[in-house]
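Student: Sequence first, predicted coordinates after that:
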Amino acid sequence: MLYRVEGIVIRSMDYGEGNKIITLCTETSGKIGVLVRGAKKIKSRHAAMTQLFTYGEYVFFRQNGGLGTLNAGELIDAHAALREDLFLAAYASYACELLDKTLQDEEVGSFWFTQLKACLEGLSAGKDPQIVIHLFEMKILQAAGYGPSFEACISCGRTDDLLVVSPRLGGKLCRSCRHHDPAALQISPGTFKLLSLFEKMDLRRLGNIEVKEATKQELKTVMRHFMDMQLGLRLKSRQFLDQLDKYEI
């Protein structure tokens, strides 16, 4: 059966002497693997369609839900700037690997696709990459069914001014319920405000916002705890990103 889909390349690997297999995140068909014959050859007309972060229209033949074979393709946005900048490439690679490891092959939903598309566009547009990525992480948690709640106590539903969040329980704790998680994190008002904003905001609505460095560091710590506790993924791209962060000025 012939398929025509818009997709973003979230993984690309060599296959044989001249071929590549790409994994696409699509809006209508979930996550799909596609074989691109001759993609490694110098004169290949499909080579550009196999580059990581590429957004395009892909036409491929697929039978019985297996690996597709590319027939034709048209670039919509190559996101070349992301591959040319080491730091942006690291952030974008993390976003793609995170979605790849979280999204199952049989899962279909436009939310995954639209949020990844917005993430890559935000990085390309020069928005703060750390803020973009943490918001994307929040959307991934929500799409996977582990979205934290910050509006009221996750245990009893009461609201108070205690700024304590529990990555293990999945959200805010009030004074009466803090004992349920001794490892819960006390955070600053600025970080709590961002987390509350991220909970409700679609990544497509993110503008250019300035966040204090101390707040960003605390936000990174909190989101790292949520991601590790709720998803427990070990990603090579995150390890590389952590190494780069040590040298970023």
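Tutor: Thanks, I have it.

Student: And the residue positioned nearest the centre of the chain, how close does it get to K117?
Tutor: Averaging the C-alpha coordinates of the chain gives a centre point, and the residue nearest to it by CA atoms, centre = their mean is A95 (3.4 Å). Shown here: A95 relative to K117, a distance of 11 Å by CB to CB, to the nearest Å. C-beta: built from backbone N, CA, C; applies to glycine.

Student: any low-confidence regions in the protein?
Tutor: Low-confidence segments of the chain, defined by pLDDT under 70, are located at 106, 248-249.

Student: Helices of that one, start to end?
Tutor: Along the chain, counting by DSSP state H, helices occupy 80-84, 86-102, 110-124, 129-143, 189-200, 213-230, 236-245.

Student: now the farthest one out in the chain, which residue is it?
Tutor: Distance from the C-alpha centroid of the chain peaks at S176, with 34.6 Å (CA atoms, centre = their mean).

Student: residue contacts, it?
Tutor: If a contact means CB atoms under 8 Å, 6 or more residues apart in numbering, then S176 has C153, C156, R158 as its contacts.

Student: now with 7 Å?
Tutor: With contacts defined as CB atoms under 7 Å, 6 or more residues apart in numbering, the neighbours of S176 are C156, R158.

Student: go on, A118?
Tutor: L203, R204.

Student: let's go with 8 Å and repeat that
Tutor: Contacts of A118 were listed using CB under 8 Å, 6+ apart, and they are D202, L203, R204, L206.

Student: Kindly report the same for L103.
Tutor: C25, G30, K31, W112.

Student: So which of the residues you listed sit within strands?
Tutor: C25, K31 (DSSP state E).

Student: From the contacts of L103, list the buried ones, please.
Tutor: C25, G30, K31, W112 (16 or more other CB atoms under 10 Å).

Student: Return the distance of the closest residue to F53 other than its chain neighbours relative to A95.
Tutor: The spatially closest residue to F53, leaving aside those adjacent along the chain, is H79, at 4.1 Å (CB to CB, 6 or more residues apart in numbering). Summarising the geometry, the distance separating H79 from A95, computed by CB to CB, is 11 Å.
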